[in-house]
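> just to be clear, the model below is a prediction. Sequence and coordinates:
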Amino acid sequence: MDRGFIGRWAVRGGVAVGLMAVVMLAPELWGFTPSAMRERRVETGLLGLGLVVLVARGYGGRRPGTVVGRWCSRIVEDLDRNAERALGWGLPLVVGVVSAGFLVVWAPTYLARPWFRDVDAFASLAMGWDRGVMPYRDVAAYNFPGHIYLCWVLGKVFGWGRTAPYQAFDLGLFVGLLVTLWFWSGRRLGCWVPGAAAIAGLIGYYINCNYMMIPERDWQAALLAAVGMLWVDGWPGRRAVAASAMLTAVAAVVRPHVVMMFPAIGAVIVGSGGGWREMRRWGTEVGVWGVVFGGCLALLLVPIVANGLVGDWVRGLAVASYGGPYAKKGVGEMVGSVVMDLRTGGTGFWLVSCALVVVVGPRGLRSFAVMMVLGIAGALAWKALHPTEHVYLSLPRDLFTRMAIVVPAGLLLSVRWVGIVERYVMLCLVLYFVGPRSPERLSWESSGDALRALARGGAPSEVPNGCEIGFRDGGSDRGIDRWREYQAVLEYLRRETAPGTAVANVLGVFPYLSINGPAGRVDPFRAESGICWMVLVDEDRDEMFAENLERAGEDVVVVWSPAERPEPRLALPAVRGLIREKFAVEARFGRYEVWRRRE
């Protein structure tokens, strides 16, 4: 009998016995491993697999004449072949399908969420504008008008009082970013894997945000700017530059902070225009971008100009200027904001990593790394320079740090001194870290409940995932009651009041539940966000609010909770005294009550 044959089978038998021994002894030996390994089983398994392949590759290269060496070489070659196929289409396809599945399952819950007070404020301004009550002039306001336009368009198309279209619009923007990133990766890097990794990270972040974070203006403005950058980088040319300028103009009308992204946009235009050596070409494209941006911005401000609101708008913006009643930050707070952001969520790591790739990384990744460095830096300035601190101001930072996942994924693919199997294992490790694994906000039950509610045009029977704040603080059962009470108030207002009825929202406990926008009823308080103006702006408008309520006419109701203890700034003695004097209770829904003006 051939000795080589006997030797090969002896080696295979030894390996089989060794594997059986490992399987049998693993439960006993696992307890002796470090606790970090026991807590991270998937990471440990992937690293162990990579180490085994690395050892087998080295042994096969050093001892090619031995039976074990040939056996190791053959196995590694098979693994390399399969890994190359997987990196070509298998891995990105699996990651894309799984991530998209998470998003599809989660989407009904998102569409059924309530509005946070910011969206409610803009919807109220849009309804008032539609009925002749001018923002900035008749209603004190200090924000840019982009979201007023958006809420007006959605209200006219889908009807006032419907919340799902707004969330659907935000979801559509997000899907547009994901699709752009996918095709950009294939076109710019020649591989889908880096784009799929960033998509997995973005979806994992997006579906875990609560209803006070998504959808917010800062997220949407930064997203529009990012999509424009990807278009210019992936499909160079004047058309992409013009499209980027249009998107950035829309973003600027929503949130002027987008000017912090101008350096990143300029760097992308220069890089796509042939670099610094072709100054004439990229100079022309920068000029095209500036002209289109200015023209679109002027067109978007036509409603303000046509209604003679420019002066009122400028005076409103003065409220949010430094030194105004809205501003609460000094230089020390701004510096502290940047330092804190650099230490949060690995921001400093992503910033330094992208900067290193700009200096020593592969040429194909450098333009994107430059965009990420300047984008993250712009996002840090976005939050730091805002006159006061808000949690949702971190959304642009989180958007760009998730997009920066492209950099390590692309870097791993470009490294040639490491075997393809080892690179595949490292990519799987990256995807495991950034992907949407067991997201907190994902629930089949909650999604099914939300889908049934959307089909019948109502509200979910239980609190949607991501809406625990304000509805489920006191435990599960009480949370359901508070959710149902809130929905009962909205349903009552839609059914028992006329479209022209003014509804005064006097709920003074965080998170200041939205009433006017979801009910489709105007707000009699002549200030952006109603009584919450006094939480955000250092002004006492109690007497003014009482006067607004007094002049609202006979067709006016109040939604409040007389037994609640409002925040000190929202005690509103004049408003509450007027309610008790001239209004009477009409309906009760648990802790919430609807009072109507006495005839």
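Thanks, I have it.

> switch to C-alpha atoms for all contacts and neighbour counts from now on
Fine.

> spatially nearest residue to L578, not counting backbone neighbours?
A546 (6.8 Å; C-alpha to C-alpha, 6 or more residues apart in numbering).

> swap that for G590, please
E485 (6.1 Å).

> gap between that neighbour and S414?
Relative to S414, E485 is positioned 57 Å away (C-alpha to C-alpha, to the nearest Å).

> looking at those two, which is more packed in?
Legend: neighbour count by other C-alpha atoms under 10 Å for E485 and S414, higher for E485 (19 against 16).

> now do the SS call for the more buried one.
At E485 the chain is in helix, as set by DSSP: H, G, I helix; E, B strand; the rest coil.

> for it, list the residues it contacts.
Residues counted as contacts of E485 (C-alpha atoms under 8 Å, 6 or more residues apart in numbering) are 589-592.

> not counting sequence-adjacent ones, nearest residue to Y424?
In space, Y424 is closest to A83, 6.4 Å off (C-alpha to C-alpha, 6+ apart).

> hang on, that neighbour packs against I420?
Yes: A83 lies in contact with I420 (C-alpha atoms under 8 Å); the separation is 6.6 Å.

> who wins on neighbours among the contacts of E485?
Y592 (20 neighbours).

> okay but that one is in contact with E564, surely?
No: with contact defined as C-alpha under 8 Å, Y592 and E564 do not form a contacting pair (9.3 Å).

> the stretch 401-550 of the chain: strands as residue ranges?
Assigned by DSSP state E, counting those that start in this stretch, the stretch 401-550 of the chain shows strands spanning 502-505.

> any idea how many residues pack against R416?
Neighbours of R416 (other C-alpha under 10 Å): 9.

> do L202 as well
There are 25 residues near L202, going by other C-alpha under 10 Å.

> how far away is the residue nearest the centre of the chain from V373?
Nearest residue to the geometric centre of the chain (C-alpha atoms, centre = their mean): Y206, 4.8 Å. Remark: distance between Y206 and V373 (C-alpha to C-alpha) = 21 Å.

> and what of L300?
Distance of L300 to V373, given as C-alpha to C-alpha: 30 Å.

> which one of those two has more residues nearby?
Ranked by neighbour count (other C-alpha under 10 Å), L300 and V373 place V373 first, with 25 against 18.

> quick check: phi and psi at the more buried one.
phi -60, psi -50 (degrees, to the nearest 10).

> list the contacts for it?
V373 neighbours (C-alpha under 8 Å, 6+ apart): 351, 354-355.

> got a pLDDT number for it?
Listed pLDDT for V373 reads 96.

> burial of the residue nearest to L578, as a residue count?
Around A546 there are 21 residues (other C-alpha under 10 Å).

> report pLDDT for it.
pLDDT, A546: 97.

> and it, how far is that from G577?
Using C-alpha to C-alpha, one gets 9 Å for the distance from A546 to G577.

> go on, D120?
25 Å.

> between those two, which one's more packed in?
D120 (26 against 12).

> only C-alpha atoms, please: export the one helix or strand the more buried one maps to in CSV.
For D120, the enclosing helix or strand under DSSP states H and E is helix 117-130. Extracted in CSV, the C-alpha atoms of helix 117-130 (Å, rounded to 0.1, in the frame of the first residue of the first chain):
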residue,chain,number,x,y,z
ARG,A,117,-42.5,68.9,19.9
ASP,A,118,-40.1,70.3,17.3
VAL,A,119,-42.0,68.8,14.4
ASP,A,120,-45.3,69.8,16.1
ALA,A,121,-44.1,73.4,16.2
PHE,A,122,-43.4,73.6,12.5
ALA,A,123,-46.6,71.9,11.6
SER,A,124,-48.5,74.5,13.7
LEU,A,125,-46.7,77.3,12.0
ALA,A,126,-47.6,75.8,8.6
MET,A,127,-51.3,75.4,9.5
GLY,A,128,-51.3,79.0,10.7
TRP,A,129,-49.7,80.3,7.5
ASP,A,130,-52.2,78.4,5.4
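
> kind regards, and thank you for your time.
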